[in-house]
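Visitor: sequence and predicted model, in that order:
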Amino acid sequence: MDMFEDYCTITQEELEDLKESISTQDLPSAINTIKEYLKQQDLVELNIGVMGESGSGKSTFVNAFRGLGDEDEGSAKTGPVETTMEPEVYLHPKYKNVKVWDLPGIGTPNFKADEYLELVQFERYDFFIIIASDRFRECHTQLAKEIKNMGKKFYFVRSKIDSTITAEKRKKNFDLRKTLDTIREDCENGLKKIGIEDPVVFLISGWELGKYDLNQLQERMEKELPQHKRRVLMLALPNITHEINENKKKVFQDNIAKVAFLSACVATVPLPGLSFAVDLAIVKQQTEMYYSAFGLDDTSLQMLCERSGKSIEELKSLMKSPLRFVITPTSILALLGAASLAVAEDVVEYVLSVIPIIGSVVAGGMSYMTVSIMLKRALNDIAEDARNLLMASLETEV
Ligand SMILES: Nc1nc2c(ncn2[C@@H]2O[C@H](COP(=O)(O)OP(=O)(O)O)[C@@H](O)[C@H]2O)c(=O)[nH]1
Ligand SMILES: [Mg+2]
């Protein structure tokens, strides 16, 4: 039981309810109940409010954070003229429950932080991003203080760092690291002077999101979110740096125990065939979730093709995870060696490597151990594929 308590956000009661409802259902509806239940945990809402002066790069950030370019479908309008007069919500293209809000420009002559926060309905947000494309000013600190008073979190972001760097590069003794440190310190000192204790500023470019301080920012956001929201953040973040890749893996890994525990609990429900069918459904659903979160689903690969100029075949040839072509109960069974289908060589190898767990498959459900071993292997393989693809696409950008 301890392990269960440690890892999860479902309570013992919820689990009992779940068991009770499936024990009165027939096989297909019981499996559906479990699938729905697993889906629910990825549907937790996350609301991020992006604020800053007009032209500071809010809309560009809103797009980049959702993995979109300014001209992609569903992206926020960007440009020299402020287009946002009231809060506009932009849903993540894959995880509609992740909502990034493009908020109206701040710092107009009669600006009052408290009125502004009322206007945008501050209660709704999990945290705020306060963006400045140059120095931070009164309006930024007023907002920060007011947000803090209301018990919410915020992060200071200094945007358009790419264009600052381009300008600085003209200098003779240009040193990227030093320049970035100087800008960061300068912003932080400025904030201290206008009343913020220990400010932390993240240097970001909406045009090159994966560079500069994105890793530090995502780490901080992840650390400060409650556990159930953390997963959703890591699902939604674009897989554009090695650190994000690692962090995604870590968060999903922590969830495997919980998912496998669900399988073990189902195994105690005396409905013939249920346990095995549910385990297959669990592995299938989670594996699909991994592919999607690491940006290896077909839609994401298509976008990567367009950006990197590589073909789908080229990209797929870099992938090694056994389920990369099709995820069906049959392909999962093949992976377990429980079906004697003609399978590709690497799948056979994979099966051999999981032989010790096949015994428990025969015994009924795949059980806690089997499900968690399968998921861990799948997660490792998929994260590695994503890393290789990431490297390949970075190569073409340089
Ligand atoms: N170089 C550079 N320009 C940016 C960046 N972010 C935004 N811009 C440009 O700055 C202008 C204002 O950006 P926008 O996102 O519309 O700002 P908003 O008014 O705060 O929403 C646009 O012309 C953008 O293309 C960035 O990271 N780097
Ligand atoms: Mg805008």
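Guide: Perfect, thanks for sending it. This is a predicted model, so every value here is computed, not measured. Numbers count the residues shown, from 1 in each chain. Ligands and ions are numbered 1, 2, ... in the order given.

Visitor: which SSE is Glu246 in?
Guide: Element membership of Glu246 [criterion: DSSP states H and E] is helix 242-266.

Visitor: what element comes up after that helix heading to the C-terminus?
Guide: Following helix 242-266 toward the C-terminus (DSSP H and E): helix 274-293.

Visitor: for that next one, buried residues please.
Guide: 274-287, 289-293 (16 or more other C-beta atoms under 10 Å). Backbone N, C-alpha and C define where each C-beta goes, glycine included.

Visitor: same thing with stretch 254-269?
Guide: 255-267, 269.

Visitor: likewise stretch 145-158?
Guide: Per 16+ other C-beta under 10 Å, stretch 145-158 contains these buried residues: Lys145, Glu146, Ile147, Lys152, Phe154, Tyr155, Phe156, Val157, Arg158.

Visitor: okay, and the beta partners of the closest residue to ligand 2 within the stretch 101-250 of the chain?
Guide: Taking C-beta to the ion, ligand 2 has its nearest neighbour within the stretch 101-250 of the chain at Asp102, 5.8 Å off. Beta-bridge partners for Asp102, by DSSP bridges, are Val50, Glu88.

Visitor: so the residue lying closest to Gly52 once chain neighbours are set aside, which of the three states?
Guide: Nearest non-adjacent residue to Gly52, counting by C-beta to C-beta, 6 or more residues apart in numbering: Ile131, 3.3 Å away. Following DSSP: H, G, I helix; E, B strand; the rest coil, Ile131 is assigned to strand.

Visitor: show me what contacts Ile131?
Guide: By C-beta atoms under 8 Å, 6 or more residues apart in numbering, Ile131 lies in contact with Val50, Met51, Gly52, Ser56, Gly57, Lys58, Phe61, Val157, Arg158, Ser159.

Visitor: same list, the buried residues of stretch 145-158, but only the ones touching ligand 2.
Guide: By C-beta under 5 Å from the ion, no member of the buried residues of stretch 145-158 lies near ligand 2.

Visitor: up against ligand 1, what does the stretch 51-200 of the chain have?
Guide: 52, 54-60, 78-80, 82, 159-160, 162-163 (C-beta under 6 Å from any ligand atom).

Visitor: most surrounded residue in those?
Guide: Neighbour tally across those (other C-beta atoms under 10 Å): the maximum, 31 neighbours, falls on Lys58.

Visitor: hmm, it is touching Ile106, no?
Guide: No - Lys58 is not in contact with Ile106 according to C-beta atoms under 8 Å; the separation is 9.7 Å.

Visitor: list residues touching both of the two?
Guide: Joint contacts of Lys58 and Ile106 (C-beta under 8 Å, 6+ apart) are Met51, Gly52.

Visitor: picking up where we left off before, going by distance to Arg377, which of the buried residues of stretch 145-158 wins?
Guide: Tyr155 (35.5 Å; C-beta to C-beta).

Visitor: and that closest one, what does it touch?
Guide: Going by C-beta under 8 Å, 6+ apart, Tyr155 touches Phe127, Phe128, Ile129, Ile130, Val200, Phe202, Leu217, Arg220, Met221.

Visitor: turn these into CSV, including neighbour count, pLDDT and distance to Glu73.
Guide: Putting the contacts of Tyr155 into CSV (neighbours: other C-beta atoms under 10 Å; pLDDT from 0 to 100; distance: C-beta to C-beta, whole Å) gives the following:
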residue, neighbour count, pLDDT, distance to Glu73
Phe127, 19, 97, 27
Phe128, 25, 97, 26
Ile129, 26, 97, 23
Ile130, 22, 97, 28
Val200, 15, 95, 34
Phe202, 23, 98, 28
Leu217, 19, 97, 26
Arg220, 16, 95, 30
Met221, 22, 96, 26
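
Visitor: which of those residues fall in helices?
Guide: Residues of those located in helices (DSSP state H): Leu217, Arg220, Met221.

Visitor: which helix or strand contains the closest residue to ligand 2 within the chain?
Guide: Across the chain, the shortest distance to ligand 2 (C-beta to the ion) belongs to Ser59, at 3.3 Å. Per DSSP H and E: Ser59 is located in helix 58-65.

Visitor: name the residues that touch that helix?
Guide: By C-beta under 8 Å, 6+ apart, helix 58-65 touches 48, 50-52, 69-70, 72, 75-78, 83-84, 90, 100-103, 105, 129, 131, 157, 159, 204, 206-207, 209, 237-238.

Visitor: now with 6 Å?
Guide: The contact list for helix 58-65 (C-beta atoms under 6 Å, 6 or more residues apart in numbering) reads Val50, Gly52, Asp70, Ser75, Ala76, Thr78, Tyr90, Val100, Asp102, Ile131, Gly206, Leu209.

Visitor: separate out the buried members of these.
Guide: Val50, Gly52, Asp70, Ser75, Ala76, Thr78, Tyr90, Val100, Asp102, Ile131, Gly206, Leu209.

Visitor: export those residues to a markdown table and tack on secondary structure, distance to Ile327 and pLDDT?
Guide: Below are these laid out as a markdown table (DSSP: H, G, I helix; E, B strand; the rest coil; distance: C-beta to C-beta, whole Å; pLDDT from 0 to 100):
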| residue | secondary structure | distance to Ile327 | pLDDT |
| --- | --- | --- | --- |
| Val50 | strand | 35 | 97 |
| Gly52 | strand | 41 | 95 |
| Asp70 | coil | 33 | 88 |
| Ser75 | coil | 29 | 90 |
| Ala76 | coil | 33 | 89 |
| Thr78 | coil | 37 | 89 |
| Tyr90 | strand | 29 | 96 |
| Val100 | strand | 29 | 97 |
| Asp102 | strand | 35 | 95 |
| Ile131 | strand | 39 | 97 |
| Gly206 | coil | 34 | 95 |
| Leu209 | coil | 29 | 93 |
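
Visitor: quick one on the thing from earlier: any idea how far the helix holding Ser59 is from the middle of the chain?
Guide: Taking C-alpha atoms, centre = their mean, to the nearest Å, one finds the center of helix 58-65 at 15 Å from the center of the full chain.

Visitor: with stretch 296-314 instead?
Guide: 19 Å.

Visitor: contacts for it?
Guide: Tyr291, Leu315, Ala386, Ser393, Thr396.

Visitor: how about stretch 102-109?
Guide: 49-51, 53-54, 58-59, 62, 76, 82, 84-88, 120, 139.
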